[in-house]
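In: just need the structure, nothing else, for what follows:
(chains A and B)
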Amino acid sequence: MNYALELQNVSKSFGLVHANQDINLAVSPGSIHGIIGENGAGKSTLMNIIYGMHRADKGTISFDGEQVDVRSSADAIEHGIGMVHQHFMLVPTFTVLENVMLGSEGGLTLNGGRATALKRLNHLSSTYNLEVDPHALVSDLNVGQRQRVEIIKALKGGAKVLILDEPTGVLTPQEADQLFEILKVLRDDGVSILLITHKLTEIMDITDTVSIMRQGQMVGHRKTSQTSSQDLAELMVGREVLLEVEHTPATPAEVRFSAQELGYTNNQGVVELENISFEVRSGEILGVAGVSGNGQTQLMETLAGMLPLTTGSINVLGTGVTSRDTTNPRKIRDLGVGHIPEDRHTHGLILDFEARENMILGFHKTSLAGSGKLFNYSDIQQNCEAKMGKYDVRPSNSRLSAKNFSGGNQQKIVIAREFSANPGVLLVGQPTRGVDVGAIEFIHKQLLKLRDEGCAILLVSVELDEIMSLSDRIMVLCDGKNVGIVDSAKADRSTLGLMMAGQKQGSTI
Amino acid sequence: MSKSTPPLPYWADVVLLPLINLLAALCMCGLVIFAIGENPFSALKVMINGAFVYKGALGYTLFYTTSFIFTGLAVAIAFHAKLFNIGAEGQASLGGLGATLIAFALSSLPGIIALPLAVAGAALFGAAWGVVPGYLQAKRDSHIVITTIMFNFIAAALLVWLLAGIMLEPGQFSPQSSLLPEQTWLPKIHEILGWVNIKTTPTPLNASFLVALLTCLFFWVLVWRTRLGFEIRTVGQNQDAAHYSGINVARVIIITMAISGAFAGLMAINQIQGVSHKLILGFTAGYGFTGIAVALMGRNHPIGIFLAALLFGALVQGGTELDFEFTVITREMVLLIQGMIILFSGALAYMFNPPLARFIAGLTAGREQSNG
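Out: Residues are numbered from 1 along each chain as shown, chains lettered A, B, ... in the order given. Down below sits the predicted model:
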C-alpha cells in the first residue's frame, strides 16, 4: 500500500537559517497524523512546502506513491491536498456558499458554479456532519462554524490529505470536541489528516501517529498508543520539563486593583464589555478565561488605559480612574501598573528597534533613559544588559534588533522591562503565546515570584491549562460579560468550559 | 510566495547600494548622451569640473547644496514618523514669506536682533504650514500626502496673490517684493572669510550653509538622543506600540510636522536673506520636491542627506556648465540627468537590493564554507 503523503530528505533554508533539514515523513491513508513541536521548530515551513507555498531546496514529495513537483498551492489542490489555515481565509461579507465557490466560480454569471457548489456543499455537510447554512453570511457565523466552512472549502476539490494548522486555538473545549468528531469521520472515510499543534493533550486524544520536530529536524516518529505526553514533551525540547509549575497557595492581602461595572462600547456601537466588576488583591493572581474574542483584549486594553471606558470605573492602588482619564496609558502606568500586552509584535515591542531601546519603551521619560535632557546610551545599555542577564534573554546582545530574537526571548525582553519597574499591579496578556516550553516554565516561575512579592496580577490567556495552573481565582468572560469568578482550587476543565460557553457558575464578584 | 531575500549587511545598505544606484543612473545618462552624439566621458568631466574645479564652482555647488540639505532634512524628519511630507515646497514658500514679513516689520531694529528673528520667522511660518496637515492627519485622519499637496497649491496661490498685490514692489512688473532691509541680509561666506583676510571668489554661498550644517547636527541629536526623537521613531515604527507605551501619538505627529515644516521653511533664508534679498515668486524652484529624493538617497540620516544634497547641488551647478559647453546638451538634458538619479535612487532605490543581497550572502556563505 502506498502512503497518502511521503516526504524524503526535504530541506529548506532561508539565507543561512536551516528551517527544515532532511525531513522524512510518511502518512498512511485514513489516519490522523500529528505534528508537534515548539514555535520555530519548522512546522509551518514544512506545511508550506507540502502546500506549495514554499519550494524545498532538495528532497522529494510523493502523493499516493507518485512523486510530484508542487510549485504552487493550485498544484497542491490539484494533487488532493487541502489546508485549513490557522487564520481563516474567508471573505466575511460573502455567504458560506460564495466562499466555497471562490476559485471555481464557473463562468461569468456564476450560475453553473453556484449549482455545483451548492450540491457539493450539501453532500459534504451531510456526509461529514459539517452542518452549516449555505446562505448565511460568514460574518454572522461563530468561530467553530467558520472553521467548518474552511474544512468544506478544503474538501470540495476532493482532498485526500487535509492539513489543519493549530485548529483549536480559537475554539472552546466543546467546539474542539466537535471538530475532533468531524476529523474522525473524515479519517474513517479514507482522508488522511495532518494535524499541527503544540498542545500535547490533543495529540494524545485524537492522533494515530505523531511526528515530533525540533529546530528544523524530525526528532522522532511515534505511534500515539505507544507514547506519553511526557515522552513527547521531552522530545520537543530535548530535555525533561516540568509541565506544570508548582502552584503554592496565595496569601492575598489588601485590594490593589478593582473595577466597578466596567463597560466598553466600540466606535461602531458594539458593546464589547458589559458590567464587569472584580477585585485583585496584593499577592494573588486573578486569571481571566474565555474563548478568545469574548472581550479579553478589550478588558486588558481598557484597564491599561489604551481604550476609553464607556461606563464604570477602575481603582488603582487607591486612586480612582474614570472614563475621562482612561485614554491615557501613561497615567495608568504612572500609577504603578505594569502591562505585558497580549500581542508583543503590535504592542509590546518595536521590532526594528534594538533590545536596549525596547527596554526603555514606555520608560523613556524616566531616569532609565538618562538623567538629563539627552539619552545616556551607556547607562541604557548597561541597564539593558543587566536585565537581559537577570531574565535570561538569549543572546544577551543589547544592540540586536528585537526581530532577531526568538519568540520566547522577545517575550522575556517585555517581561524584563515590565517586571523591573516593580509594578504594584500587573496586567499580563498571553504571557506564553508562541513561546517555547523551556521559556514557558521560566515565565511562569517569574509570575509566581512576583505574586509572592505582593504584586496584584491579572492574567489573561487562551491556554486554559495556563490559567488553571497559575491563577488563584478565575474569572470567565463570555460575550463581554463576567460569567462568574471561581476559586481555581475548585475549578475543573468541564466547569470552566461550560462557563466559557456562557453558563453561570460561582459568584460574580 | 515571493522568493526570500537574505538581509543586506548595514554597510552595503548604506554605502554600496546608493553608489550602485548612482552608477546605474549615470550609465543610463551616458547612453542618452552617447545617443545624441556626444562623448559621455567628456560630458562627465565637464560636469565634475563645473561643479567643483572651476573658479567659484564649489561655492555655487554648496549654495545649491544648502537648499537641498534643508528640504532633505524636512522630508527625513517626517519619514522618521512614517509621515510622507510632500509639502516641503509650500512650507519653504511660506518660510520665505515669514522671513520677508519679519524683516520688514523689524526694519528699525539692529541686525543682531532683526536678522536672527527673520531667520526664526522663516522657520516659524514653515512650521505653521506643516502643523495644519499634521493636525488634520493626527486628529481627522486626513492623509498627509493629500493635504500637503493641497497646501503646496494654497501656498503658491497665496504668494501670487501677495506678490502681485500688496507686496508688489512699486513700479515693478514682475511679482517680487521690495529689497529687504540690509541688516537682515545674511553675510556671504566669501565676506566672512574676507573678515579674517582670506580672499576667495565671490559666490552666492552664504551663512545659511553654516545654519544648514548646524541643522544637520540638531537633527541627529534630536532623532537619536532625545526623548522626543525616541517618540518620533516609535510612532514611525509602530503607532500601536507607541500608544501602549504611553506616547501621545497625535501630539507627536503634529510636533513632527512642525519641525519638518520649520526645516523646509529655513530653506528660504538661503535664497532670500542670502542672495536675492527679496521675496520672488517661485523662488523654491522645486527644491522641496527634490528634497524627497535627497532624503531617500540619504537614508534619512543627516550625513547621508548632506552627501545626497551635495550630489544634487553638484548636478545643478555642473549641469549649468554642461549647458554652456555643449551645444546639443541643453538645460532639459540636465533635468533628464537629475530625473535619472531621482528615478534610480528614489523610486527604484531598492531595485538592486535582492541581487546584491544574494550576491553578498553567497560570498559570505562561500567564505564560511572554505573556513569551516
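In: switch to C-alpha atoms for all contacts and neighbour counts from now on
Out: Noted.
In: got a list of what residue 191 touches?
Out: In the absence of a named chain, chain A is used. Contact analysis of residue A:191 by CA atoms under 8 Å, 6 or more residues apart in numbering or on different chains lists A:29, A:30, A:31, A:159, A:160, A:161, A:162.
In: if you could check chain B rather than the one you did, that'd help
Out: Under the criterion of CA under 8 Å, 6+ apart, the contact list for residue B:191 reads residue B:202.
In: assumed it was part of a helix.
Out: Yes - assessed by DSSP: H, G, I helix; E, B strand; the rest coil, residue B:191 belongs to a helix.
In: who wins for neighbours among the contacts of residue A:191?
Out: Among these, the one with the most neighbours (other CA atoms under 10 Å in any protein chain shown) is residue A:161, at 30 neighbours.
In: ok, residue B:346 - how many residues close by?
Out: Burial measure for residue B:346: 21 neighbouring residues, criterion other CA under 10 Å.
In: doesn't it fall inside a helix?
Out: Yes - membership of residue B:346 in a helix is supported by three-state DSSP.
In: look up how far chain A lies from it.
Out: In this structure, residue B:346 lies at 22 Å from chain A, with CA to the nearest CA, to the nearest Å as the measure.
In: chain neighbours aside, what residue packs nearest to that residue?
Out: By the measure of CA to CA, 6 or more residues apart in numbering or on different chains, the closest residue to residue B:346 outside its immediate chain neighbours is residue B:293, 5.3 Å from it.
In: name the helices or strands packed onto the helix or strand harbouring the one you found?
Out: With secondary structure defined by DSSP states H and E, residue B:293 is part of helix B:287-297. For helix B:287-297, the contact count by 3 or more CA pairs under 8 Å, 6 or more residues apart in numbering or on different chains; DSSP states H and E identifies helix B:57-80, helix B:88-105, helix B:302-325 as packing neighbours.
In: can you tell me the element residue A:13 falls in?
Out: According to DSSP H and E, residue A:13 maps onto strand A:5-14.
In: pull the residues that contact that strand.
Out: Counting contacts by CA under 8 Å, 6+ apart, the residues touching strand A:5-14 from outside are A:18-28, A:55-65, A:161, B:4-6.
In: buried stuff in that strand?
Out: In terms of neighbour count (16 or more other CA atoms under 10 Å in any protein chain shown), strand A:5-14 has its buried residues at A:5, A:6, A:7, A:9, A:10, A:11, A:12, A:13.
In: partner strands of that strand, parallel or antiparallel?
Out: Taking DSSP bridges as the criterion, strand A:5-14 pairs within the sheet with strand A:17-27 (antiparallel), strand A:58-63 (antiparallel).
In: mind listing what's buried in stretch A:109-127?
Out: By neighbour count, and taking 16+ other CA under 10 Å as the criterion, the buried residues in stretch A:109-127 are A:113, A:114, A:117, A:118, A:120, A:121, A:122, A:124, A:125.
In: which stretches in the stretch 201-350 of chain B count as helices?
Out: For the stretch 201-350 of chain B, the helices identified by DSSP state H, counting those that start in this stretch occupy B:208-225, B:227-237, B:239-244, B:249-271, B:287-297, B:302-325, B:331-342, in order along the chain.
In: closest to residue B:185 out of those helices?
Out: Comparing the helices of the stretch 201-350 of chain B against residue B:185 with CA to CA, the closest turns out to be helix B:249-271 (9.0 Å).
In: my guess is residue A:163 contacts residue A:197. True?
Out: No - in this structure, residue A:163 is not within contact of residue A:197 by CA atoms under 8 Å, at 11.0 Å.
In: could you check the angle the helix or strand hosting residue B:135 makes with helix B:88-105?
Out: Assigned by DSSP H and E, residue B:135 falls within helix B:111-140. Relative orientation of helix B:111-140 and helix B:88-105, computed by axes from the mean of the first three to the mean of the last three CA atoms, to 10 degrees: 140 degrees.
In: and helix B:111-140, does that touch chain A?
Out: No - with CA under 8 Å from any CA of the partner chain as the threshold, helix B:111-140 lies outside contact range of chain A, at a closest distance of 14.4 Å.
In: in that helix, what's buried?
Out: Of the residues in helix B:111-140, those buried by neighbour count under the rule 16+ other CA under 10 Å are B:111, B:114-115, B:117-138.
In: for stretch A:215-227, same thing?
Out: Judged by neighbour count (16+ other CA under 10 Å), stretch A:215-227 contains these buried residues: A:215, A:216, A:217, A:218, A:221, A:222, A:224.
In: what of stretch A:184-191?
Out: With the criterion 16+ other CA under 10 Å, stretch A:184-191 contains buried residues A:184, A:186, A:187, A:190, A:191.
In: so which of those sit within strands?
Out: When the buried residues of stretch A:184-191 are checked against strands (DSSP state E), there are no matches.
In: between these, which is closest to residue A:150?
Out: Using CA to CA, residue A:186 comes nearest to residue A:150 of the buried residues of stretch A:184-191, at 14.3 Å.
In: which strands and helices lie in contact with the lowest-mean-pLDDT helix or strand in chain A?
Out: Using mean pLDDT, DSSP states H and E, the weakest-scoring helix or strand in chain A turns out to be helix A:229-237, at a mean of 76. Contacting helix A:229-237 under the criterion 3+ CA pairs under 8 Å, 6+ apart are the following elements: helix A:200-206, strand A:209-214, strand A:217-223.
In: can you list the strands that the second one pairs with?
Out: Meaning strand A:209-214. Strands that pair with strand A:209-214, judged by DSSP bridges, come out as strand A:32-37 (parallel), strand A:217-223 (antiparallel).
In: let's have the ones you listed in TSV, adding mean pLDDT.
Out: What follows is the strands paired with strand A:209-214, written out as TSV (pLDDT from 0 to 100):
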stretch	mean pLDDT
strand A:32-37	90
strand A:217-223	90
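In: just send those strands back as TSV, with distance to residue B:52 too.
Out: Conversion of the strands paired with strand A:209-214 to TSV gives the following (distance: least, CA to CA, whole Å):
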stretch	distance to residue B:52
strand A:32-37	63
strand A:217-223	60
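In: what residue ranges in the stretch 1-150 of chain B score low on pLDDT?
Out: Scanning the stretch 1-150 of chain B for pLDDT under 70 picks out B:1-6.
In: what residues does the stretch 201-350 of chain A have near chain B?
Out: Contacts of the stretch 201-350 of chain A with chain B, taken as CA under 8 Å from any CA, map to A:306, A:328, A:329, A:330, A:331, A:333, A:346, A:347, A:348, A:349, A:350.
In: closest to residue A:484 among the residues you listed?
Out: Distances from these to residue A:484 were compared by CA to CA; the smallest belongs to residue A:306, at 24.9 Å.
In: what about the closest one, which helix or strand?
Out: Using DSSP H and E, residue A:306 maps to neither a helix nor a strand.
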